[in-house]
Every structure is written in C-alpha cells, then in structure tokens.
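[1] any chance you can model this:
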Amino acid sequence: MATYLTADTIKGLREQRGLTQRALAEAVGVTDKAVSKWESGRGLPDISLVEPLSAALGVSVAELLTGDVRQNANRAGNLMRCKFYVCPICGNVVHALGEGSFSCCGVQLVPCEAEDADGDHAIAVERIEDEWYVTLDHPMQKDHYISFIAYVTMDGVMLKKLYPEQEAAARFRMGASGIIYAYCNRHGLMRVRTPKRERPVRGSIPGERAQ
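    Now for the predicted structure:
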C-alpha cells in the first residue's frame with residue numbers, strides 16, 4: 001500500500017542537510033524516537049507535521065510528498081546565479097533568477113552558458129571615478145556584434161542593450177564586486193569578474209596619501 005511519505009525520503013533529505021535525528025526532531029517538535037520510526041518505516045509523521053518537516057528539510061511540501069526534489073541553487077534569489085536568454089530571431093533578452101521556460105518569436109529559448117572571456121572576446125574593465133567602464137575590441141556589424149553588456153552583483157543587475165554600428169562599450173555605476181557579461185550574437189555569452197576594489201585607509205582624508 002502506497003503512503004504519502006516514504007522512509008527513504010525523510011532519511012535521505014535529513015542526511016543531505018547534515019542533520020541528526022535529534023536535530024530534526026527538535027526542529028519539528030517531536031522526539032528522536034519518532035524520527036527513527038519514520039525512517040525505519042515503522043510509522044509516519046502526522047499530516048499536521050508535513051509543513052514544518054518540509055521547512056526543516058529545506059524542501060517544498062510537494063517535493064517532500066513526492067520525493068522528487070529539484071536541486072535549485074537559486075532558492076535565496078542570488079543574482080550571481082542568474083540566467084540570460086536571447087531570442088535568435090529578434091535579439092530580445094530575458095533575464096531570470098534561474099532556469100525557466102521562456103519563448104519569443106515562436107521559439108523556445110535556452111539559457112546561455114557563459115564562458116570565460118579571452119582572445120577575440122576579451123572584456124576590459126576599467127575603473128573611472130565611481131563607474132566601471134567596460135569595453136571590447138569587437139566588430140559591431142549587422143552580422144557580427146555585441147548584443148548586450150551586463151553588470152551583475154549579488155543584489156542587482158544593470159544591462160545595456162547594444163546595436164550594430166554602436167561602440168562595444170558600457171558604463172555602470174560601481175557597486176559590489178560582481179561579474180561583467182557580454183553577449184556576442186555569433187559566439188554567445190562571455191564573462192569576467194570585476195577588478196578588486198581598493199579599500200580606503202581608515203582615518204585617511206579622500207585625495208590624501210596615507211603617511
């Protein structure tokens with residue numbers, strides 16, 4: 001007879017979280033003997049415990065009940081793990097916190113896989129006052145050009161859309177350290193980390209050298 005929750009699911013998720021049976025029991029409000037019974041198949045948690053159990057195990061209620069746990073590194077909404085989708089027909093850019101299902105111009109879009117920038121797609125990042133000045137020595141022709149440049153940090157995204165005949169360059173107000181992305185319509189998405197920012201000397205006056 002099928003049950004709404006299996007022993008293997010509870011045990012597997014608990015071990016993945018690095019929890020002991022006692023730690024899980026305390027988080028849910030039961031005894032460690034109760035957890036032991038759940039994991040040995042000698043009992044099931046009351047239906048009222050499913051929601052707090054899923055929270056303690058770091059999964060959704062649906063994932064807990066079905067045992068189909070989706071590995072999602074974007075639960076915290078970390079923009080550094082974001083995805084870019086580009087329509088191959090109109091060049092429309094879709095930005096998402098993680099992988100999803102998107103379509104444009106009747107085409108199902110796939111997430112761009114970023115590669116480290118080098119060679120013909122070297123990305124130069126220069127600090128000018130309080131801005132990052134990003135440039136690429138790259139063709140900007142109708143059949144070969146940089147479609148966009150983006151600056152992504154843990155809590156923000158800035159993107160400049162580019163078109164043929166424009167300069168392959170962008171300016172972004174400097175924030176936290178992050179990643180600069182540039183998308184070539186022929187060769188795809190490239191990336192480079194922003195340079196490390198120099199920390200001011202404590203107690204120094206702006207513009208004055210430390211003694």
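[2] can you check the pLDDT for residue 119?
    Reported pLDDT at residue 119 in the predicted model: 82.
[3] list the buried ones in the least confident helix or strand in the chain by mean pLDDT?
    Lowest on mean pLDDT, DSSP states H and E among the helices and strands of the chain sits helix 61-66, with a mean of 79. Buried residues in helix 61-66, counted by 16 or more other CB atoms under 10 Å: 63-65. Heads up, the C-betas are built off the backbone N, CA and C, glycines and all.
[4] please apply the same query to stretch 138-148.
    By neighbour count on 16+ other CB under 10 Å, the buried set for stretch 138-148 is 138, 140, 145-148.
[5] stretch 109-128 too?
    109, 111-112, 114, 117, 121, 123, 125.
[6] circling back to that earlier point, next one: the least confident helix or strand of the chain to chain centre, how far?
    The chain centre lies 23 Å from the centre of helix 61-66; the measure is CA atoms, centre = their mean, to the nearest Å.
[7] on that earlier part again, is it possible to export the buried residues of stretch 138-148 to TSV including secondary structure, distance to residue 9 and pLDDT?
    Rendered in TSV, the data for the buried residues of stretch 138-148 read as follows (DSSP: H, G, I helix; E, B strand; the rest coil; distance: CB to CB, whole Å; pLDDT from 0 to 100):
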residue	secondary structure	distance to residue 9	pLDDT
138	coil	50	94
140	coil	54	96
145	coil	50	95
146	strand	47	96
147	strand	44	95
148	strand	42	97
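[8] re earlier: which one of the buried residues of helix 61-66 is nearest residue 15?
    Here the nearest of the buried residues of helix 61-66 to residue 15, counting by CB to CB, is residue 64; it sits at 14.7 Å.
[9] any idea how far that closest one is from residue 53?
    According to CB to CB, to the nearest Å, residue 64 stands 7 Å off from residue 53.
[10] now do residue 153
    As judged by CB to CB, residue 153 and residue 53 stand 35 Å apart.
[11] those two: which is more packed in?
    More crowded of residue 153 and residue 53, by other CB atoms under 10 Å: residue 53, with 25 against 16.
[12] SS state for that one?
    With DSSP: H, G, I helix; E, B strand; the rest coil as the basis, residue 53 sits in helix.
[13] from residue 176, how far off is the closest residue to it other than its chain neighbours?
    With sequence-adjacent residues excluded and distances taken as CB to CB, 6 or more residues apart in numbering, residue 53 is closest to residue 28, at 5.4 Å. Residue 28 sits 37 Å away from residue 176, going by CB to CB.
[14] compare neighbour counts for those two and give me the winner.
    The neighbour comparison of residue 28 against residue 176 (other CB under 10 Å) goes to residue 28, with 21 against 11.
[15] mind checking the backbone torsions on the more buried one?
    With angles defined as degrees, to the nearest 10, residue 28 sits at phi -90, psi -20.
[16] who are the contact partners of it?
    35, 45, 49, 52-53, 56 (CB atoms under 8 Å, 6 or more residues apart in numbering).
[17] now, which of these sits nearest residue 194?
    residue 56 (37.5 Å).
[18] quick one, what contacts the closest one?
    By CB under 8 Å, 6+ apart, the contact list for residue 56 reads 17, 19, 24, 27-28.
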